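> give me coordinates for this.
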Amino acid sequence: MNRLKAFGNSVIYVVISKLIQVLAVVVAGIYFTVKLNMYGTGKEDLYGFFAKHSLLITIIAWVVTFAVILLIYLISNNDFINETNLNKKLPLKTIVICVVCGIGINIAIDGILTLININELVPEYEELMASISSNNFYITLISVGILAPIFEELLYRGIVLNKLRNGFGVFGAVMIQALFFGIGHMNLVQGTYAFLIGIILGYVVIWTGSLYSSIILHIVINSLSTIISNVQGKAIGYNYLLTFIGTGVLLTIIGLRIIYMMSEKKETDVIEFID
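Next comes the predicted model:
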C-alpha cells in the first residue's frame, strides 16, 4: 500500500506537468488561429509558428506548472523547500566537481551519438535538434540551458524522487523517476539518454542531500550542448572521437566517485556502481 501511495503521489505531479504542457500548446494553437483569421497575412503556417515559439511555449508551461504545484503545497501545508532538498547549500568543492562531472557526461553522450551517426539513424532526432538550434542562441541558452534544467530538477529529482522514497528504496525510487524523466522527453533518442542521465542525477541528489547538485549538473550538460550545437566545427576522426568519448566517461566516473566519497550518507541500498 505504501508503494502504491508513493507511486500515485509522484505520478500526479508528472501528469499535472504534462497536462499543462498540452494545454499550453492548445492555447498557443488557438491564439495563432485567431490571429490568422484577424490579420491573415499567410506568411506563417501553424507548424512554422510552433517551431518559432516552441521554447517560449515550453517555458510558459513550466512557469504555470510550478505556480499550480506551489499552490498545492500551500493548500496542503507542506514545506516545498525542505521536501525538495533546496534547504541544503553545497560547498564550493562539490560545485566544482559537479561542473566537471557535467562536462564529462555531456562530451561522452555527444561523442557516442556522433559515433553511431544518430542523425542518419533517426532523422526525426536531427530535425528536433535543428528546430531547437534554429532559435536565437541566447534565448535557447537561457531556456534550454538554464530554465528547463531548473524546472525539470524541481519536478523529477525534487518532488517525484522524494515522494517515491516514501514507498520505495533508493534504487527503486531513482529508477522510477529516471523512467518518468526519459518518457517525459517524448522521443526515443532523447528519452534513452535522459533515462541514463536521470539515474545519475537521482543518485547525486541522494549522495549530496541537496537538489542544487543535480541542478548544476543538468545546467552544465544542457548549456554545453547548446553551445556545441551553435558552433560549426569540422568532423573529427574515429580515433579522436574514441578519445573524446573516453575522456568524457573518465571525467564522469571520477566526478561521481568523488561526489560519493564526500557523501554524508552511505545508505545500504545504494548501488555503489563506481566502486
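> just after the strand or helix carrying F66, pick out the following helix or strand.
Using DSSP states H and E, F66 sits in helix 46-75. Next helix or strand after helix 46-75 toward the C-terminus (DSSP H and E): helix 80-83.
> packing partners for that following helix?
Packed against helix 80-83 by the contact rule (3 or more C-beta pairs under 8 Å, 6 or more residues apart in numbering; DSSP states H and E) you find helix 46-75. For glycine as for every other residue, the C-beta is placed from the backbone atoms N, C-alpha and C.
> remind me what the helix it packs on packs against, helices and strands.
Counting contacts by 3+ C-beta pairs under 8 Å, 6+ apart, helix 46-75 is packed against helix 2-39, helix 80-83, helix 123-133, helix 148-152.
> what residues sit buried inside that helix?
49, 51, 54-55, 57-62, 64-66, 69, 73 (16 or more other C-beta atoms under 10 Å).
> where does the stretch 1-150 of the chain dip in pLDDT?
Along the stretch 1-150 of the chain, segments meeting pLDDT under 70 span 1, 36-44.
> report pLDDT for F273.
Looking at F273, its pLDDT reads 38.
> can we start the residue count at 574 from this point?
New numbering, starting at 574: the last item is F846.
> wait, doesn't A721 sit right on I794?
No. Here A721 does not reach I794: they are 11.0 Å apart, not a contact under C-beta atoms under 8 Å.
> so these two - more neighbours on which side?
Ranked by neighbour count (other C-beta atoms under 10 Å), A721 and I794 place I794 first, with 25 against 18.
> what's the helix or strand that contains the more buried one packed up against?
Using DSSP H and E, the element containing I794 is helix 784-803. On a contact count with 3+ C-beta pairs under 8 Å, 6+ apart, helix 784-803 meets helix 665-688, helix 696-706, helix 710-713, helix 721-725, helix 761-781.
> and the angle from that helix to helix 696-706?
Put simply, helix 784-803 runs at 100 degrees to helix 696-706, going by axes from the mean of the first three to the mean of the last three C-alpha atoms, to 10 degrees.
> show the average pLDDT along the helix or strand that helix 784-803 is followed by.
Later in the chain than helix 784-803, the nearest helix or strand by DSSP H and E is helix 811-834. For helix 811-834, mean pLDDT rounds to 91.
> quick revisit: give the buried residues for the helix holding I794.
For helix 784-803, burial by neighbour count (16+ other C-beta under 10 Å) applies to 784-799, 802.
> and what of stretch 579-599?
Using 16+ other C-beta under 10 Å as the test for burial, stretch 579-599 gives 579-580, 582-583, 586-587, 589-590, 593-594, 597.
> equivalent analysis for stretch 739-746, please.
If you call a residue buried by 16+ other C-beta under 10 Å, then stretch 739-746 has these buried ones: 740-741, 743-746.
> between those, which is nearest Y813?
Of all those, F744 has the smallest distance to Y813: 36.7 Å, by C-beta to C-beta.
> just to revisit the earlier point, dump the helices and strands packed on helix 784-803 into TSV; add distance to F605 as well.
Putting the helices and strands packed on helix 784-803 into TSV (distance: least, C-beta to C-beta, whole Å) gives the following:
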stretch	distance to F605
helix 665-688	33
helix 696-706	16
helix 710-713	19
helix 721-725	23
helix 761-781	26
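> so which of these gets nearest I826?
Using C-beta to C-beta as the measure, helix 665-688 is the one of the helices and strands packed on helix 784-803 that comes nearest I826, at 7.9 Å.
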